[in-house]
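> coords please:
(4 chains)
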4 protein chains.
Amino acid sequence: MDIQNLLDDIVGSVRPRLGQGEVANYIPQLGAVDVGQFGISVATGDGEVYASGDAAVPFSIQSISKVFALALVLAGDGDGIWKRVFREPSGNPFNSLVQLEHEDGIPRNPFINAGALVVTDRLLSITGDASGAVLDLLRQESGNSSIGVDDVVAESEARNSNRNASLAHFLASCGNLENPVQDVLDNYILQCSLEMSCTDLALASRFLANNGVRVDGTALLSSPQTKRINAVMLTCGTYDAAGEFAYRVGLPGKSGVGGGIIAVVPNNCTVCVWSPGLGKSGNSVAGVAALDEFTTRTGLSVF
Amino acid sequence: MDIQNLLDDIVGSVRPRLGQGEVANYIPQLGAVDVGQFGISVATGDGEVYASGDAAVPFSIQSISKVFALALVLAGDGDGIWKRVFREPSGNPFNSLVQLEHEDGIPRNPFINAGALVVTDRLLSITGDASGAVLDLLRQESGNSSIGVDDVVAESEARNSNRNASLAHFLASCGNLENPVQDVLDNYILQCSLEMSCTDLALASRFLANNGVRVDGTALLSSPQTKRINAVMLTCGTYDAAGEFAYRVGLPGKSGVGGGIIAVVPNNCTVCVWSPGLGKSGNSVAGVAALDEFTTRTGLSVF
Amino acid sequence: MDIQNLLDDIVGSVRPRLGQGEVANYIPQLGAVDVGQFGISVATGDGEVYASGDAAVPFSIQSISKVFALALVLAGDGDGIWKRVFREPSGNPFNSLVQLEHEDGIPRNPFINAGALVVTDRLLSITGDASGAVLDLLRQESGNSSIGVDDVVAESEARNSNRNASLAHFLASCGNLENPVQDVLDNYILQCSLEMSCTDLALASRFLANNGVRVDGTALLSSPQTKRINAVMLTCGTYDAAGEFAYRVGLPGKSGVGGGIIAVVPNNCTVCVWSPGLGKSGNSVAGVAALDEFTTRTGLSVF
Amino acid sequence: MDIQNLLDDIVGSVRPRLGQGEVANYIPQLGAVDVGQFGISVATGDGEVYASGDAAVPFSIQSISKVFALALVLAGDGDGIWKRVFREPSGNPFNSLVQLEHEDGIPRNPFINAGALVVTDRLLSITGDASGAVLDLLRQESGNSSIGVDDVVAESEARNSNRNASLAHFLASCGNLENPVQDVLDNYILQCSLEMSCTDLALASRFLANNGVRVDGTALLSSPQTKRINAVMLTCGTYDAAGEFAYRVGLPGKSGVGGGIIAVVPNNCTVCVWSPGLGKSGNSVAGVAALDEFTTRTGLSVF
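The predicted structure follows:
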């Protein structure tokens, strides 16, 4: 199959959906993004990159950063983190406190906000600079050293962080944070405020399709560790719509409220899509539709 | 009936319970209190005071302060507060976030922590010094100008305030705080850390048994407002055991984790009991037993 | 005060509210009742009865029957029932399964449906005919031997009993029913389908205002038992609006989705109001307003 | 790799775990099963079968039947069932009513009990005999015409069906059952009470590893339909431990409280393991360990 043609086709077929969904508007900066944009990139294991649409436009990666923070904690620390966070789907919204209270401060998985705060806390303990460590990884794997924080987004997030502060203080009240609440929040906000393009993210994610091997040939993760991150992405990566995503797309994936989604075809390639309009579960409407078409037409699916 | 003899009898009969329950231990200061203490005071509408046991020993009033903060907000502001807090029993622990999330940041009532934070927030807006306003009221009504904050308790509370900070940030994320989170927490902690004796509290509560009239003869609250505070105390004043308290004691009451409880016999008298050992719902074991005996023997009950 | 004039006044002042609220429509029979009706009756301890409006019109008593079933179980059995049902406000809708599941099949109180099913189950064990025992009590206390089941309502309830069947099977699955599920449901439906007027209910409730003494001078309940039923009514008698009812009315009360409410002024009188339009918590809109006016103008309130 | 040797190895290595976990004991029949048993079978796409341990011993398939009922409904009816049941992980126990109440009677997925009752209801509407249709499918695909219901289990289930009856009546109260509650329960109980061996189940599941093609070469399901059942199995197939199962095993799977688990390697083979000792989430302890070893040693995993 000609991948470039396929991506161009997908750009065409998602066009009618570009007005659908709502742009995240909890901060003005995200709410101002043009909803009519869509990009898609594929990075293969043998080093090829294909892109179409707005694949070079940087966007706020938001929760997609959680995958990279988790990878760094598993790389640095092994399985210890699983004592502080479960790896089960939550059946609840990503920023919910309900289950956290019922389960004594152990978040359901590392991809809901509470779990990601625990992962960031641990990464901060290991590295002294959690958001810096994530940024370094993303720059190296994508080969794009200009990736950085969108300061306006970061400042806006900081001024609107009460819900995450509520989660973080709750975790601290249960003894499940090692660092001061404000330090964890600061690092979390910075990693969520990174700006990258579809192509940057497809490249940066390749180790997940490549048994944990980095672009320089060294191992970030073992093969079993990599499979396990993919498993957590499939069951928990797309908010409270992970079942729907598995059903329609059939690939491990992680979404962000900036409208980006990365998906992994194990031992084959990564795909990144982006379009700002979100469905009610917080996943990009056009992005999910694009991945659905991608897996249907290529037959690439883990099932 | 000879009230003094009755109180002395009660001191005798609760003695076997003084080892029961657990002292609040979320801060060391409270955990260090001698569990063997018990005091009881009655202040009548015609100005008499009766006391027995450790009725003159100061203790940390904790959540009992919530009644006085609510009274001041109603006095200063009328019914506006009821747009920001419900007045229904919660059916949940006093520090729970579950219902708050399900009900979009409107706390169930002013006596669970979330609701009390909203009340303190409003009192801070009205007065500029919420804890100072509560302190002034308590000093004037009790006639004891030496009442003050236990600084060691207040510092300890401040160092262990993550759960309340979680609640306050959640309220703020729902737009239900007017002042900065830290200012609200600071005032809340100070009002909870006030030290008073049973006699101080029985005296300070008299306006609740006297149609809202203060010791100086002026009206803090109207008669309907006073009845309504008593109604909220009866349905919501003793944590998730308000039904049990109504069943056994049959009076409006408000408890604190310091082991104190105030109870109101409308148009008659107030009673304050204190003993540090708490039952699983957070109410003083010996205190509830003493009030049970008091209402059984006097026949004073609203039912 | 001239009670008859007061009741007539109330009939006038609630008129503008008679279109408000929604008639219960889970069964056609209740949905067909004319929403424009309102009645009020007062029965005093010294045997007087006052009535106004549609006080003689029979209506479906529905959940008001739960008070009488509870009284009979306490009379027959003492405190044993409290091992099978709590007496705390639920903070949840009257037909909710959520708390029941979290608390292992022990209902929060005897006035939510789950708790009432347990009470009916126990009354069935004691008497062999739970609904018959309730009917006998109501006929004797009201002096109206023509009180009976509305068969059309009962049949309609039976055809629409899935939610209660769900609760009953859940209780059975937790070992908290003694009799077959269908027998308990049948008795529960019959007692809920009794038809009575405001005057019938005010008369039948008098023992709650009279220390448990029946119309024939014998004791149904002891004085403490009676106070305790009143306490449970005040904290749990009006669905998830018990706090609001205590705040506005300030009396122990029990409502039904037929639009009736009984209220108790201890040692004084009982009041029964009826109007079919229900607020969102299931209590009669005009009925609550009428009781509010009654207590405001008479000053009769337990607070 | 020599599959037979691998299975024999696994039989050896799980032996130390055979005392672990608890046998399901909600009915005596299941509680009496010898916990020391373990079997494993693999059925490949090209018709080979490998087996070791107690692979020929029949056991109660319980919830594994839910996969086959779902397949028949999708085959007979297309996507209509998804209007009546979601396909998201629940984050709650398999027999919970909590989420069902919060989500108005639409079960979270077809593999929790509530969802399976809806599927059985629909299969009953389509076929007139839901459990018979499941039995026919299982006999034909396994080639074992002696498969049948364990009558003692079925009778015992029927006598202990209050929790499922509670769920079914709740569904009916929300309008989400087409057939009488008792008919749905009867069919559900019969399909859960089927007795099969590991080899029977591995054979009967082959269509899930073979794009929906049955043993006779006809298509039960389309390829996309088959992938989607596998996706639902992966996200929801192993109770509230689906994340853990994906993490450790990395295959779509469905477990039953009889101790059986089927797992699917798409386009390759099926695996069935059985051992009665269950972990706290209801999955066979030795079964999960065996599948973990199987995927680790073969490298067969969807990730």
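> Roughly how far does the one residue in the stretch 1-150 of chain A that gets nearest to chain D sit from chain B?
When scored by CB to the nearest CB, the stretch 1-150 of chain A has residue A:91 as its residue closest to chain D, at 2.6 Å. Where C-beta positions appear, they are placed from N, C-alpha and C, glycine not excepted. Using CB to the nearest CB, to the nearest Å, we find residue A:91 at a distance of 14 Å from chain B.
> how many other residues sit next to the nearest residue to that residue once chain neighbours are set aside?
Sequence neighbours aside, residue D:91 is the residue nearest to residue A:91 in space, at 2.6 Å (criterion: CB to CB, 6 or more residues apart in numbering or on different chains). Counted by other CB atoms under 10 Å in any protein chain shown, the residues lying close to residue D:91 total 25.
> Could you confirm residue D:91 falls within a strand?
No - counting by DSSP: H, G, I helix; E, B strand; the rest coil, residue D:91 is not found in a strand; it is coil.
> So what does it have for phi and psi?
Backbone dihedrals for residue D:91, given as degrees, to the nearest 10, come out at phi 60, psi 20.
> same check, this time on residue A:258
According to degrees, to the nearest 10, residue A:258 has phi -70, psi -10.
> Chain neighbours aside, what residue packs nearest to it?
Closest to residue A:258 by CB to CB, 6+ apart is residue A:60, at 3.7 Å.
> Surely that neighbour and residue A:195 touch.
Yes - counting by CB atoms under 8 Å, residue A:60 does reach residue A:195; the two are 6.1 Å apart.
> Counting neighbours, go ahead and name the busier of these two.
Taking neighbours as other CB under 10 Å, residue A:60 and residue A:195 compare with residue A:60 leading, 27 against 18.
> can you count the residues close to the closest residue to chain C within the stretch 101-250 of chain A?
Nearest residue of the stretch 101-250 of chain A to chain C (CB to the nearest CB) works out as residue A:102 at 8.7 Å. Applying other CB under 10 Å, we find 12 residues neighbouring residue A:102.
> likewise residue A:211?
Residue A:211 has 18 nearby residues by other CB under 10 Å.
> tell me the SS of it?
coil.
> While we're on it, how confident is the model there?
pLDDT for residue A:211: 96.
> give the contact list for it.
For residue A:211, the contact set (CB atoms under 8 Å, 6 or more residues apart in numbering or on different chains) comprises A:222-223, A:226, A:267.
> can you rerun that using 7 Å?
A:223, A:226 (CB atoms under 7 Å, 6 or more residues apart in numbering or on different chains).
> One more: residue A:237?
For residue A:237, the contact set (CB under 7 Å, 6+ apart) comprises A:111, A:252-255.
> Output the residues you listed as a markdown table; include the columns secondary structure, neighbour count and distance to chain D.
Formatted as a markdown table, the contacts of residue A:237 follow (DSSP: H, G, I helix; E, B strand; the rest coil; neighbours: other CB atoms under 10 Å in any protein chain shown; distance: CB to the nearest CB, whole Å):
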| residue | secondary structure | neighbour count | distance to chain D |
| --- | --- | --- | --- |
| A:111 | coil | 29 | 10 |
| A:252 | coil | 32 | 7 |
| A:253 | strand | 27 | 12 |
| A:254 | strand | 30 | 14 |
| A:255 | strand | 31 | 15 |
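> so residue A:194 touches residue A:149, yeah?
Yes - using CB atoms under 7 Å as the test, residue A:194 is close enough to residue A:149 to be in contact (5.8 Å).
> So the two - more neighbours on which side?
Legend: neighbour count by other CB under 10 Å for residue A:194 and residue A:149, higher for residue A:194 (28 against 18).
> that's a helix at residue A:241, yeah?
Yes - according to three-state DSSP, residue A:241 belongs to a helix.
> Quick check: residues of the stretch 101-250 of chain A near chain D?
Contact residues (CB under 7 Å from any CB of the partner chain) of the stretch 101-250 of chain A with chain D: A:108-109, A:227-228, A:230-232, A:234-236, A:240-244, A:246-247, A:250.
> Just those: which are in helices?
Residues of those located in helices (DSSP state H): A:227-228, A:230-232, A:234-236, A:242-244, A:246-247.
> which of these are close to chain C?
Okay, of those, nothing touches chain C (CB under 7 Å from any CB).
> Just give me the closest of those residues to residue C:160.
residue A:243 (32.8 Å; CB to CB).
> Report the separation between the residue most central in space within chain A and residue A:201.
In chain A, the centroid-proximal residue (CA atoms, centre = their mean) is residue A:64; its distance is 1.5 Å. With the distance defined as CB to CB, to the nearest Å, residue A:64 ends up 7 Å from residue A:201.
> same deal with residue A:34?
19 Å.
> When the two are compared, which one has more neighbours?
Per other CB under 10 Å, whichever of residue A:34 and residue A:201 has more neighbours is residue A:201, with 33 against 10.
> surely the more buried one meets residue A:263?
No - assessed by CB under 7 Å, residue A:201 is found out of contact with residue A:263, at 10.4 Å.
> number of nearby residues for residue A:29?
Count around residue A:29 with other CB under 10 Å applied: 20.
> Oops, could you answer that again for residue A:205 instead?
Number of residues near residue A:205 (other CB under 10 Å) recorded here: 26.
> now do residue A:217
6.
> so what's it up against?
Residue A:217 neighbours (CB under 7 Å, 6+ apart): none.
> Now the phi/psi pair for it, please.
The phi/psi pair for residue A:217 (degrees, to the nearest 10) reads phi 90, psi -10.
> tell me how far the ends of stretch A:75-85 are from each other?
16 Å (CA to CA, to the nearest Å).
> starting at the chain centroid, how far to it?
19 Å (CA atoms, centre = their mean, to the nearest Å).
> same thing with stretch A:31-50?
Distance, centroid of stretch A:31-50 to centroid of chain: 14 Å (CA atoms, centre = their mean).
> Can you get me the start-to-end distance on it?
In stretch A:31-50, first residue to last residue: 29 Å (CA to CA).
> In that stretch, which of the residues would be classed as buried?
By 16 or more other CB atoms under 10 Å in any protein chain shown, the buried positions in stretch A:31-50 come out as A:33, A:35, A:37-45, A:49-50.
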